[in-house]
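# could you work out the structure for the sequence below:
(one chain, ligands or ions: 1)
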Amino acid sequence: MCGIVGYVGPQEALGVVLEGLRRLEYRGYDSAGVAVRIGDPAAGGELATARRAGKLANLEKALAGQPLPPSTIGIGHTRWATHGGPTDRNAHPHLSTDARVAVVHNGIIENFAALREEFEARGIEFGSDTDTEVAAHLLAAAYDDLPAGPDRFAEAMRAVSRRLEGAFTLVATHADEPHTVVAARRNSPLVVGVGQTADGVPEYFLGSDVAAFIAHTREARELGQDQVVEIHRERGLTVTDFAGTVVEPTAYTVDWDAAAAEKGGHDWFMLKEIAEQPQAIADTLLGRIGDAGELVLDEVRLSDQELRDIDKIFVVSCGTSFHAGLIAKYAVEHWTRIPVEVEVASEFRYRDPVLDRSTLVIVISQSGETMDTLMALRHARAQEARTLAICNVNGSTIPRESDAVLYTRAGPEIAVASTKSFLAQIVACYLVGLFLAQVRGVKYADEVGAIVEDLRRLPEAVSEVLLQMEPVRALGRSLASAGTILFLGRHVAYPVALEGALKLKELAYIHAEGFAAGELKHGPIALIEQGTPVVVVVPSPRARESVHGKVVSNIQEVRARGARTIVIAEQGDDDVVPYADHIIRVPRTPTLLAPVVTTVPLQVLACEIADTRGHDVDQPRNLAKSVTVE
Ligand code: F6R
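The predicted model follows:
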């Protein structure tokens, strides 16, 4: 949510900053803006800025007509609006009254109203409706109050950070600081890139995530909570806490390169990421299965005794990651016999859940930065529960604050709608469930081995589904003018139906609802009119008890009331044929693992419908990839 870039180095800053913003635009696209410091480094300088409402392309167009003067220091921002509408006036960077300080911000400054009143009482007029602008005024004032010296700008940022409440990443440049960009972070992401040009000149980058600088360097530094960082042309990188104590940031090398964050010939990032799903699953399994088919999860830093002591599991997450948790529940309970509760993170901590040292709280987050999930994690830790993060972004806040972590290895996910990270999350949950069953001895080694073999076949099964997507795309085109589409599923297919509906809502802006098929008769069936499309995800005929037969009855019930039925069923399931207006076939897959394959056509369907309706599939309206506000 909001993408932030900063640069200090020998290159033309504007180009570097705009390229970074292009790669971060998935974090928010309500407006974009840049600021560069211009003028002789020895003499006083000034700031040049440009800001535009709407997508980054609007800003780029404006800059093409009216370029900024050359500079080697710059900051940039792509916004997901919170305080103040998505207008030019509210676009970042925000400037101090004397226009000597420019600030970009991600997060919410909770005490901004009191701070704003303070400034207004002193006669300072605000140029925006944002919470951010107070930070620019505070920073200018703090800077002016400090004596000249090498640490002046960073100390001013520390002083400001100590006054702010809420969540913030702030990145700032000052007209009187020709070599420096400073930044602060609390509860909001920021990473540093350390690189050098081809002729060996050092350069430094700041970004909301590593995508901001991946085209220049893979060497990154992780920043902790409540830290201030200065990047300086000669002094390099200095990190302190808010009190000024120097801290050593953790260094790491990003394990993907710029090519991984390109569309690679696909029309949309989403299509590329859907196509990458077999690899994402295979990579998530890689190295986690021993020679004898046993699970080897060394990263799960919980002792066997701690795992044996667990008597209850909560899975806590948001959106698509929440659906991964719902799917996990079926497998984990079945394999471990431990009760599993799945809950959206934004509700979890407010209802006082019963947690203790024998509770395992699994938090699932692609980004590792979702504020609701982070707050739920902190609540769980405060109650002494064991915590395990399933996460796709190395070094992000959620895994850093968890007792244990299992990384999904889906690679960078740029499209706002989660696809490959979702399948990788489900697979990671299976690994955790099986690992628990193995450690606790509730499954024999050969039983674990047999399920592991099924897991190993999943990449191939998903590839098989992907080869048959042309009819699904054609179906999608035919559904593009639907007003409502309903999704039904039972047992493990129920969360898949929820995910299918979510994908359609967020991409195609069509009213869609997912229902447990059995709930239909208790109300939702009244929604069905002549021709209403109803997508039914059918569990395997080998699924638990008579669940398959019940779903076949549900298809008949909706069809009898005029629904156009679109049925996702495994190869060879002929029972559905008489009642399906369209059948999408998926390979036979063991009951509990089936969501990994049945989800894929729903992703393709939503993507195609959105594309046909002329929407930006990768950047749906009102959304942002990483939701870093509560
Ligand atoms: C939907 C989607 C969102 C995210 C949710 C959680 O396609 O992407 O619903 O799943 O915002 O995000 P993470 O997994 O980053 O915590």
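
# pLDDT score for the residue in the chain that the ligand sits nearest to?
Nearest to the ligand, among the residues of the chain, is Gly319, at 1.9 Å (Cβ to the nearest ligand atom). In short, each C-beta sits where N, CA and C put it, glycine included. Listed pLDDT for Gly319 reads 97.

# again, but for Glu545
Confidence at Glu545, expressed as pLDDT, is 66.

# any idea of the mean pLDDT for the longest helix that the chain contains?
The single longest helix within the chain, with elements called by DSSP state H, is helix 420-440. The average pLDDT within helix 420-440 is 97.

# after that helix, next one along is what?
The C-terminal neighbour of helix 420-440 among helices and strands, as given by DSSP states H and E, is helix 445-456.

# state the number of residues packed around Pro595.
Neighbours of Pro595 under the rule other Cβ atoms under 10 Å: 30.

# I'd assumed Val496 was in contact with it.
Yes: the criterion here is Cβ atoms under 8 Å, and Pro595 meets it with Val496 at 4.9 Å.

# please name the nearest non-neighbouring residue to Ser317.
Distance criterion Cβ to Cβ, 6 or more residues apart in numbering; nearest residue to Ser317, sequence neighbours excluded, is Ile364 at 3.9 Å.

# if we can go back for a sec, would the longest helix of the chain count as contacting the ligand?
No: counting by Cβ under 6 Å from any ligand atom, the ligand has no neighbours in helix 420-440; the shortest distance is 6.8 Å.

# CA atoms of that helix as PDB?
Extracted C-alpha coordinates of helix 420-440, given in PDB (Å, rounded to 0.1, in the frame of the first residue of the first chain):
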ATOM      1  CA  LYS A 420       0.600 -18.300  -7.600                       C
ATOM      2  CA  SER A 421       1.200 -17.200  -4.000                       C
ATOM      3  CA  PHE A 422      -2.200 -18.600  -3.100                       C
ATOM      4  CA  LEU A 423      -1.400 -22.100  -4.500                       C
ATOM      5  CA  ALA A 424       2.000 -22.000  -2.800                       C
ATOM      6  CA  GLN A 425       0.400 -21.000   0.500                       C
ATOM      7  CA  ILE A 426      -2.000 -24.000   0.300                       C
ATOM      8  CA  VAL A 427       0.900 -26.300  -0.400                       C
ATOM      9  CA  ALA A 428       2.900 -24.800   2.500                       C
ATOM     10  CA  CYS A 429       0.000 -25.400   4.800                       C
ATOM     11  CA  TYR A 430      -0.100 -29.000   3.700                       C
ATOM     12  CA  LEU A 431       3.600 -29.300   4.600                       C
ATOM     13  CA  VAL A 432       3.000 -27.800   8.000                       C
ATOM     14  CA  GLY A 433       0.000 -30.200   8.600                       C
ATOM     15  CA  LEU A 434       2.000 -33.200   7.500                       C
ATOM     16  CA  PHE A 435       5.000 -32.200   9.500                       C
ATOM     17  CA  LEU A 436       2.900 -31.900  12.600                       C
ATOM     18  CA  ALA A 437       1.400 -35.300  11.900                       C
ATOM     19  CA  GLN A 438       4.900 -36.800  11.500                       C
ATOM     20  CA  VAL A 439       6.400 -35.200  14.600                       C
ATOM     21  CA  ARG A 440       3.400 -36.100  16.800                       C
END
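
# gap between that helix and the chain center?
19 Å (Cα atoms, centre = their mean, to the nearest Å).

# helices or strands next to that helix in the packing?
In terms of contacts (3 or more Cβ pairs under 8 Å, 6 or more residues apart in numbering; DSSP states H and E), helix 420-440 is packed against helix 277-285, helix 304-309, helix 319-336, strand 359-365, strand 386-391, strand 404-407, helix 445-456, helix 595-612.

# quick check: angle from that helix to strand 359-365?
Angle between the axes of helix 420-440 and strand 359-365 is 160 degrees (criterion: axes from the mean of the first three to the mean of the last three Cα atoms, to 10 degrees).

# enumerate the residues of the stretch 151-300 of the chain near the ligand.
Applying Cβ under 6 Å from any ligand atom, one finds that the stretch 151-300 of the chain does not approach the ligand at all.

# all helices of the stretch 151-300 of the chain, in order?
Secondary structure of the stretch 151-300 of the chain, counting by DSSP state H, counting those that start in this stretch: helices at 152-163, 269-275, 277-285.

# would you turn the ones you listed into CSV with mean neighbour count and distance to Ile426?
Below are the helices of the stretch 151-300 of the chain laid out as CSV (neighbours: other Cβ atoms under 10 Å; distance: least, Cβ to Cβ, whole Å):
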stretch, mean neighbour count, distance to Ile426
helix 152-163, 22, 39
helix 269-275, 24, 15
helix 277-285, 22, 9
